[in-house]
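Enquirer: Give the three-dimensional model of this entry:
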Amino acid sequence: MINRIDIEKFIACKNDAPIFDVRTPAEFEHAHIPKAINLPIFTNDERAKIGTTYKQIGREEAILLGFEITGPKWRTFIETAKKYVSNKKLYVHCWRGGMRSGAMAWALDFYGFDVTIINGGYKQYRNWVLQQFDNKYLFKVLGGKTGSHKTDILKEIEKLEEQIIDLEGLANHLGSAYGSLNKLIQPSQEYFENLLAEKLYKCNRNKSIWVENESSLIGKVAIPQKIFKQIQDSFLLELEIPKEQRLEFLLEEYGTLDKDFLKQSTLRIQKRLGPLQTQQAIAAIDENRIKDFIEIVLQYYDKTYQFGINNRTKDNYSTLAVNFDTAENVAKKVLNFNKKI
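Expert: All right, here's what the predicted structure looks like:
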């Protein structure tokens, strides 16, 4: 017997069994339910061919073509599922919970799996994702100029049993023009939203959720506008860490990166950096004066960051001056300071 489950019930229990997404590899790669496994019933080209047949000839001919294409594949589908399923239970979905998931569910059920189709498929899941951004959250914002080790401090705050969401971690980017570190690959906008929605869902909305002070864009992905507005309106605790310490942190993080990457990233912000500062920064990179390069660029980032702080009202932020020794100690100071506010 094939079961069906609504999206809300699925979200509450989805970690109890593997999730098989039977959409094409291209659909899956663009975005999917986190932790889902791609078991595509059609390749990208096969689905396009079936779509063309449906439009030009009709539904019945498209269905026959689908059976013809998948005929030799059923054994592979079942053997692939067996690799992931330990207790026979699994979830299946396609775009709307229609023919593709129905066909796969029939085959897996016939073999003996305990199959549940997600009603509405991935489309309904996306509706659920967007609904999470309509909720109200008690954000607490950890601020500080570039190089303040905010992400490390945030992770230590989590170890102290506070709720956090690491936005840069979800975006797989450090936020600045250099934030890919010449190696990080960002998720699509849609998948970033999926990851964020699931993190928000797991949080207790009656308790504080610490996030880092970010611009609306983290690399190429955008924080959903409704969530960004809530973060902007939330209380900000601004860390003031000595500039020399921040320079050392940034030198350690960016100092060994490829020079061509540093120059290309600098040229991307040359309009905001200014012609003279851009020229000086590029020269410093070429001459291996990386600390000088960082100091030049940091002037721009500090000025930009301060502009954002100046737009806040005095009643929704406070400052905490600290000498950075360890992220753990700074996290404790942040939480102690927060209790006194």
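Enquirer: Just the buried residues of stretch 77-88, please?
Expert: 77-78, 81, 85 (16 or more other C-beta atoms under 10 Å). Heads up, the C-betas are built off the backbone N, CA and C, glycines and all.
Enquirer: now the strands for the stretch 51-200 of the chain?
Expert: Under the criterion DSSP state E, counting those that start in this stretch, the stretch 51-200 of the chain contains strands at 89-93, 114-118, 138-144, 163-165.
Enquirer: can you list these in CSV and add mean pLDDT and mean neighbour count?
Expert: CSV is the format used below for the strands of the stretch 51-200 of the chain (pLDDT from 0 to 100; neighbours: other C-beta atoms under 10 Å):
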stretch, mean pLDDT, mean neighbour count
strand 89-93, 98, 24
strand 114-118, 97, 22
strand 138-144, 96, 21
strand 163-165, 98, 22
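Enquirer: for the lengthiest helix in the chain, packing partners?
Expert: Among the segments of the chain that qualify as a helix by DSSP state H, the longest is helix 290-310. Judged by 3 or more C-beta pairs under 8 Å, 6 or more residues apart in numbering; DSSP states H and E, helix 290-310 is in contact with helix 243-254, helix 259-268, helix 270-273, helix 275-286.
Enquirer: Okay, angle between it and helix 259-268 too, please.
Expert: For helix 290-310 against helix 259-268, the angle by axes from the mean of the first three to the mean of the last three C-alpha atoms, to 10 degrees is 30 degrees.
Enquirer: Helix 290-310 to helix 275-286, inter-axis angle?
Expert: 140 degrees.
Enquirer: circling back: with L142 as the reference, name the closest of the helices and strands packed on helix 290-310.
Expert: Closest approach to L142 among the helices and strands packed on helix 290-310 (C-beta to C-beta): helix 243-254, 15.0 Å.
Enquirer: starting at the chain centroid, how far to that closest one?
Expert: Centroid displacement of helix 243-254 relative to its chain, using C-alpha atoms, centre = their mean, to the nearest Å, is 26 Å.
Enquirer: Buried residues, it. List them.
Expert: 245-246, 248-251, 254.
Enquirer: can you count the residues close to I11?
Expert: Neighbour count of I11, defined by other C-beta atoms under 10 Å: 19.
Enquirer: which residues are in contact with whatever helix or strand it lives in?
Expert: In this assignment (DSSP states H and E), I11 forms part of helix 7-13. Here helix 7-13 makes contact (C-beta atoms under 8 Å, 6 or more residues apart in numbering) with 91, 116, 118-120, 124-125, 127-128, 201.
Enquirer: For these, which ChimeraX command selects only the ones that are buried?
Expert: For the buried members of the contacts of helix 7-13, the matching ChimeraX selection, counting by 16+ other C-beta under 10 Å, is:
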select :91,116,118,119,120,124,125,128
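Enquirer: which among the contacts of helix 7-13 gets closest to E29?
Expert: Y125 (16.3 Å).
Enquirer: ok, the closest one - contacts?
Expert: 7, 33, 93, 118, 194.
Enquirer: From S208, how far off is the second one?
Expert: I33 sits 28 Å away from S208, going by C-beta to C-beta, to the nearest Å.
Enquirer: residues in contact with the lowest-mean-pLDDT helix or strand in the chain?
Expert: Among the helical and strand segments of the chain, the one scoring lowest on mean pLDDT, DSSP states H and E is helix 290-310, with a mean of 88. Residues from elsewhere that reach helix 290-310 (C-beta under 8 Å, 6+ apart): 143, 145-147, 176, 213, 215, 236, 238, 243, 246-247, 250-251, 254-255, 262, 266, 269, 272-274, 277, 280-281, 284-285, 317.
Enquirer: ok, and for that helix, which residues are buried?
Expert: Buried residues in helix 290-310, counted by 16+ other C-beta under 10 Å: 290, 293-298, 300-301, 305.
Enquirer: will you turn the helices and strands packed on helix 290-310 into TSV that also has mean pLDDT and distance to V330?
Expert: Shown next, in TSV, are the helices and strands packed on helix 290-310 (pLDDT from 0 to 100; distance: least, C-beta to C-beta, whole Å):
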stretch	mean pLDDT	distance to V330
helix 243-254	93	11
helix 259-268	94	28
helix 270-273	90	30
helix 275-286	94	29
